[in-house]
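Engineer: would you be able to build a 3D model of this:
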Amino acid sequence: MKQAGEDQEVRKNRIIIHLDMNAFYCSVHEAEEPGIYKGKPTAVAGSVEQRRGIIVTSSYTARQKGVKTGMTVRQGLQLCPEMILIKPDFELYRKYSRGFMSVASQYTPLLEATSIDECYLDITGSSAFGEPLDIARDIQHRIQTEWNLPCSIGVAPNKLLAKMASDMHKPNGMTVLRIRDVPRLLWHKPCDSLFGIGRKTGEKLKKLNIHTIGQLAAAEEAMLVKHFGVAGSWMKSAAHGYDYSPVNAVREQNKSIGHTTTLPQDVTKRQEAHRILLNLADQTARRMRRQKLVAATIQVVIRKPDMTTVNRSV
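Structural biologist: Next up, the predicted model:
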């Protein structure tokens, strides 16, 4: 029992950082060629020449004009005609990703990369580098000076609150979020703003007359479990700001592997569709072979010009 108590105490007193790069792809291009892109409205998008691609991300200058991820290039240019369109360069993004994570990993071996542009750090045992906020500021400053990249940082006692904190002040934000701050800062927000609760779950909660995170925190756990299974218990706990998941430095094997492309025009001929599907299958299979994986299910996703999506799997 003593060991369990000690583990709980350690979990209670953790210090977690969530590091989130700001408009990462656009920021990388700005860092590479500041003379062309610095301070300008930019967007990374597929099929730039044909103006029919999808915007992958946009700079904060473009976002101020209403440009959003997922828009077509045409929609983005209507809102911001002066926007500069950039072709994706994933090798370049990977280089910068390795760079900023290399800086972060110098403060703790407990680094969990969740995507190319964000990671969690457990700095509970990193007091040799200073106080938690000193470490966070140092990481932010070094990434800016060594890689010319802006980032937002959340500091909290767990991963959930660290993630929520890093989203609060962008770009270049630094936010501390404690358990005691949760009622004041989070309870008035809609349920789907809580990390881990999606739009569909948010809509289902509304039908149960649970509209805010505070109402979710006050809801009967048995009722939530009845409607959502074990996720109901997690949601109530998360609404109070509790999360005991560890920062996992060992990367888990991919649960899915895929490859996508944005086509310059609609494809109607079967022979042309076969050629495109063969290329996508080849790219996906290469990545699977590299990781020594096989597939149980194959899924094809098609997004039409009006943004409706068709999924089929076998």
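Engineer: all helices of this protein, in order?
Structural biologist: With helices called from DSSP state H, the chain shows them at 2-12, 24-32, 34-37, 60-63, 73-79, 90-104, 132-147, 159-166, 182-185, 199-207, 213-218, 221-228, 230-239, 270-290.
Engineer: so for residue 248, which of those sits nearest?
Structural biologist: Evaluated over the helices of the chain, closeness to residue 248 peaks at helix 159-166, with 9.8 Å, by CB to CB. For glycine as for every other residue, the C-beta is placed from the backbone atoms N, C-alpha and C.
Engineer: before we move on, the earlier item: can you tell me which of the helices of the chain is packed in deepest?
Structural biologist: Each of these was assessed for mean neighbour count using mean count of other CB atoms under 10 Å. The highest is helix 159-166, with a mean of 26.
Engineer: now the angle from that helix to helix 230-239?
Structural biologist: Compare the direction of helix 159-166 with that of helix 230-239 by axes from the mean of the first three to the mean of the last three CA atoms, to 10 degrees and you get 50 degrees.
Engineer: can I get helix 159-166 as PDB, trimmed to CA atoms?
Structural biologist: Once non-C-alpha atoms are left out, helix 159-166 reads as follows in PDB (Å, rounded to 0.1, in the frame of the first residue of the first chain):
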ATOM      1  CA  LYS A 159      -1.000  16.400 -19.800                       C
ATOM      2  CA  LEU A 160      -4.600  17.400 -20.100                       C
ATOM      3  CA  LEU A 161      -4.200  20.800 -18.500                       C
ATOM      4  CA  ALA A 162      -0.800  21.400 -20.100                       C
ATOM      5  CA  LYS A 163      -2.500  20.900 -23.500                       C
ATOM      6  CA  MET A 164      -5.400  23.200 -22.600                       C
ATOM      7  CA  ALA A 165      -2.900  25.800 -21.300                       C
ATOM      8  CA  SER A 166      -0.800  25.900 -24.400                       C
END
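Engineer: test my guess that residue 142 contacts residue 103.
Structural biologist: Yes. Applying CB atoms under 8 Å, one finds residue 142 in contact with residue 103, separated by 5.0 Å.
Engineer: among the helices of the chain, which comes closest to residue 112?
Structural biologist: Between residue 112 and the helices of the chain, the shortest gap by CB to CB is with helix 159-166, which sits at 8.3 Å.
Engineer: what is that closest one packed up against?
Structural biologist: In this structure, helix 159-166 makes packing contacts with strand 16-21, strand 118-122, strand 151-156, strand 174-176, judged by 3 or more CB pairs under 8 Å, 6 or more residues apart in numbering; DSSP states H and E.
Engineer: for it, what is the distance to the chain centroid?
Structural biologist: With CA atoms, centre = their mean, to the nearest Å as the basis, the distance from the averaged C-alpha position of helix 159-166 to the chain average is 12 Å.
Engineer: just stretch 271-285 next, same as before
Structural biologist: With CA atoms, centre = their mean, you get 28 Å for stretch 271-285.
Engineer: equivalent analysis for stretch 101-115, please.
Structural biologist: Shown here is stretch 101-115, whose average C-alpha point lies 16 Å from the average C-alpha point of the whole chain (CA atoms, centre = their mean).
Engineer: got the CA positions of it in CSV?
Structural biologist: Taking C-alpha atoms only, stretch 101-115 is exported to CSV below (Å, rounded to 0.1, in the frame of the first residue of the first chain):
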residue,chain,number,x,y,z
MET,A,101,12.6,18.5,-30.1
SER,A,102,16.4,18.2,-29.7
VAL,A,103,16.3,21.5,-27.7
ALA,A,104,13.4,20.3,-25.6
SER,A,105,15.0,16.8,-24.9
GLN,A,106,18.0,18.5,-23.3
TYR,A,107,15.9,19.3,-20.2
THR,A,108,14.3,15.8,-19.6
PRO,A,109,14.5,12.3,-21.1
LEU,A,110,10.7,12.1,-20.7
LEU,A,111,9.6,13.7,-24.0
GLU,A,112,6.5,12.4,-25.8
ALA,A,113,6.1,13.6,-29.4
THR,A,114,2.5,13.5,-30.3
SER,A,115,2.9,15.0,-33.8
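Engineer: and that stretch, which residues are buried?
Structural biologist: 101, 103, 104, 107, 108, 110, 111, 112, 113 (16 or more other CB atoms under 10 Å).
Engineer: could you list the low-pLDDT ranges of this protein?
Structural biologist: In the prediction, the chain carries residues with pLDDT under 70 at positions 1-12, 47-52, 251-253, 264, 306-307.
Engineer: mind running it again at 50?
Structural biologist: By pLDDT under 50, the low-scoring segments of the chain are 1-7, 9-10.
Engineer: got the phi/psi numbers for the nearest residue to residue 22 once chain neighbours are set aside?
Structural biologist: By the measure of CB to CB, 6 or more residues apart in numbering, the closest residue to residue 22 outside its immediate chain neighbours is residue 171, 3.8 Å from it. Listed backbone geometry of residue 171 is phi -80, psi 170, with angles given as degrees, to the nearest 10.
Engineer: I am finished for the moment; much appreciated.
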